[in-house]
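Chemist: here is the input, now give the coordinates:
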Amino acid sequence: MKKTILLLMSVQFFVYLGFGIIIPILPEVIIQQGYSEIHVGGLITIYALSSFFTAPLWGKLSDRTGRKKLILTGLAGFSLSFFLFSLFLDNLTLLYLSRIVGGLFSGALYTAVTGYVADITTDEERNKYMAFLGMSIGLGFIFGPAIGGLLGAISLSLPFTVSAVLILLLMVYASFVLKEPVRQGTATKRALLPKGASTLWQFRIRYLFLMSFMVTFLLAGLESTFQLFQIDQIEITPLQLGYLFMASGFVDAAIQGGVVRRIKDGAETKWIIGAQIVTAAGLSLLPFTTSLIFAGVALSIFTAGNALARTALVSLTSKESGGKYGTAAGMTYSMDNMGRIIGPLFFTWLLTMQAGSIYYLSGALAIASILLIVLYRGSAKTASEKASTPA
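Modeler: Numbering: from 1, shown residues only. The predicted model follows:
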């Protein structure tokens, strides 16, 4: 059991390491090859699109053909996407193809892995082991940019070649260690719009869904534009960027592990409002960047606010769901993905038009989003009260 869980955690770690590893490399590739900067956003967006819209199909396939087979297929396809990217840095069409392949098979891996964990755990154990998967995802996000920057300083293609080889080795190991589990349920299909979502949108929880979109929208916008902007400001290198994102990743972890536990029941909205103010402060500092340290401080301030808002929102959304935890989580996932799909393309396009002033707009959007929390607090139409009212 422990060996299996560790392997599944490794799979999730490598999927999100792969997402993070591209952050310090992609803008450098685009600039060196002379492509338009908007392709930074395009290549990030196409990955999110292909993962999001194919995830429901992978869920059905996982239930029909089995978890192990889909995990091995996903690892093979994910490895292929990295090989494609490393071999064809000078071919924009094939770069897009590699990102489509990567997004496609990352969706397969997420679906099969969560389905596998659901099969091998009891109801009492499941939350604990799903949390382990979440921890692996967080570590992938923390170390991905750092590894990408470190290896990218040697060669821009090296991070992707190394990742591709490691994922292939993981696939070989998984083929021997994993056994097809006894089916206890269905895979997490991550539907585009979860069943019952329209009912929840009638209640004030809808403002929390919209806030989830905004929080992820701003995060995705920063991830896709930060390096492009800092290249002009301080001539930042992929290695330096990797270190900055690694440091901000530890800030994220510290917020989730330390600050969030201090949030008292009923005080979530105050913390979310404060978090958006902190987010706006970090964004508003970015146009004044004059050194690597200044850039790191601004990024860390943004990360602290963004991490706090995300975590408090998850908690509040769960409480506000009226017992429909799965539906609410699915809707939040959908809104997060919309942010990841729209954010990179929108903000990289805006960067080509207005340069650093986009961060003033981002900060203003963070402040304006507080209105959603004000509307939430002012509404009495709550799904949780409806669920608790006797029929």
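
Chemist: when you work out contacts or count neighbours from here on, use the C-alpha atoms and nothing else.
Modeler: Will do.

Chemist: next helix or strand past the strand or helix carrying residue 215?
Modeler: Assigned by DSSP states H and E, residue 215 falls within helix 205-234. Downstream of helix 205-234, the next assigned helix or strand under DSSP H and E is helix 238-254.

Chemist: can you list contacts of that following helix?
Modeler: For helix 238-254, contacts defined as C-alpha atoms under 8 Å, 6 or more residues apart in numbering pick out 24-25, 28, 138, 141-143, 145-153, 227, 292, 296, 299-300, 303-304, 307.

Chemist: tell me the mean pLDDT for that helix?
Modeler: Mean pLDDT, helix 238-254: 86.

Chemist: for that helix, buried residues please.
Modeler: 238-253 (16 or more other C-alpha atoms under 10 Å).

Chemist: what does stretch 37-54 give?
Modeler: For stretch 37-54, by 16+ other C-alpha under 10 Å, it's 37-54.

Chemist: now it, how far from the centre of its chain.
Modeler: 13 Å (C-alpha atoms, centre = their mean, to the nearest Å).

Chemist: same question, stretch 359-369
Modeler: Worked out by C-alpha atoms, centre = their mean, stretch 359-369 lies 20 Å from the chain centre.

Chemist: for stretch 151-167, same thing?
Modeler: Its chain's average C-alpha position is 21 Å from that of stretch 151-167, according to C-alpha atoms, centre = their mean.

Chemist: quick one on the thing from earlier: and the contacts of helix 238-254, which of them are buried?
Modeler: Buried among those (16+ other C-alpha under 10 Å): 24-25, 28, 138, 141-143, 145-153, 227, 292, 296, 299-300, 303-304, 307.

Chemist: just the buried residues of stretch 37-54: which are in helices?
Modeler: 38-54 (DSSP state H).

Chemist: what sits against residue 300?
Modeler: 247-248, 251, 282.

Chemist: if we use 6 Å, what do you get?
Modeler: Applying C-alpha atoms under 6 Å, 6 or more residues apart in numbering, we find residue 300 in contact with residue 248.

Chemist: between the buried residues of helix 238-254, which is closest to residue 380?
Modeler: residue 252 (32.7 Å; C-alpha to C-alpha).

Chemist: what comes up buried for the strand or helix carrying residue 99?
Modeler: Assigned by DSSP H and E, residue 99 falls within helix 92-120. Residues of helix 92-120 classed as buried by neighbour count (16+ other C-alpha under 10 Å): 92, 94-120.

Chemist: just after that helix, pick out the following helix or strand.
Modeler: Next along from helix 92-120, by DSSP H and E: helix 123-152.

Chemist: rounded mean pLDDT for that following helix, please.
Modeler: On average, helix 123-152 scores 78.

Chemist: got it, and stretch 257-271?
Modeler: 81.

Chemist: what about that stretch, how long is it end to end?
Modeler: End-to-end span of stretch 257-271 (C-alpha to C-alpha, to the nearest Å): 15 Å.

Chemist: residues making contact with it?
Modeler: Contacts of stretch 257-271 (C-alpha under 6 Å, 6+ apart): residue 312.

Chemist: same question for stretch 13-33.
Modeler: 136-137, 140-141, 144-145, 148-149, 238, 241-242.

Chemist: tell me the two of these that are most distant?
Modeler: 136 and 238 (23.5 Å).

Chemist: shaky segments in the stretch 251-391 of the chain?
Modeler: 260, 325-326, 329, 384-391 (pLDDT under 70).

Chemist: measure residue 117 to residue 178 for me?
Modeler: Relative to residue 178, and taking C-alpha to C-alpha, residue 117 is found at 12 Å.

Chemist: would you mark the buried spots in the helix or strand containing residue 76?
Modeler: Element membership of residue 76, judged by DSSP H and E, is helix 67-87. In terms of neighbour count (16+ other C-alpha under 10 Å), helix 67-87 has its buried residues at 67-68, 70-86.

Chemist: next one: stretch 130-141
Modeler: So stretch 130-141, judged by 16+ other C-alpha under 10 Å, has buried residues 130, 132-133, 135-141.

Chemist: which one of these is nearest to residue 328?
Modeler: residue 130 (16.9 Å).

Chemist: for the closest one, give its distance to residue 322.
Modeler: The value you get for residue 130 to residue 322, if C-alpha to C-alpha is used, is 22 Å.

Chemist: packing partners for the helix holding residue 215?
Modeler: Counting contacts by 3 or more C-alpha pairs under 6 Å, 6 or more residues apart in numbering; DSSP states H and E, helix 205-234 packs against helix 325-354.
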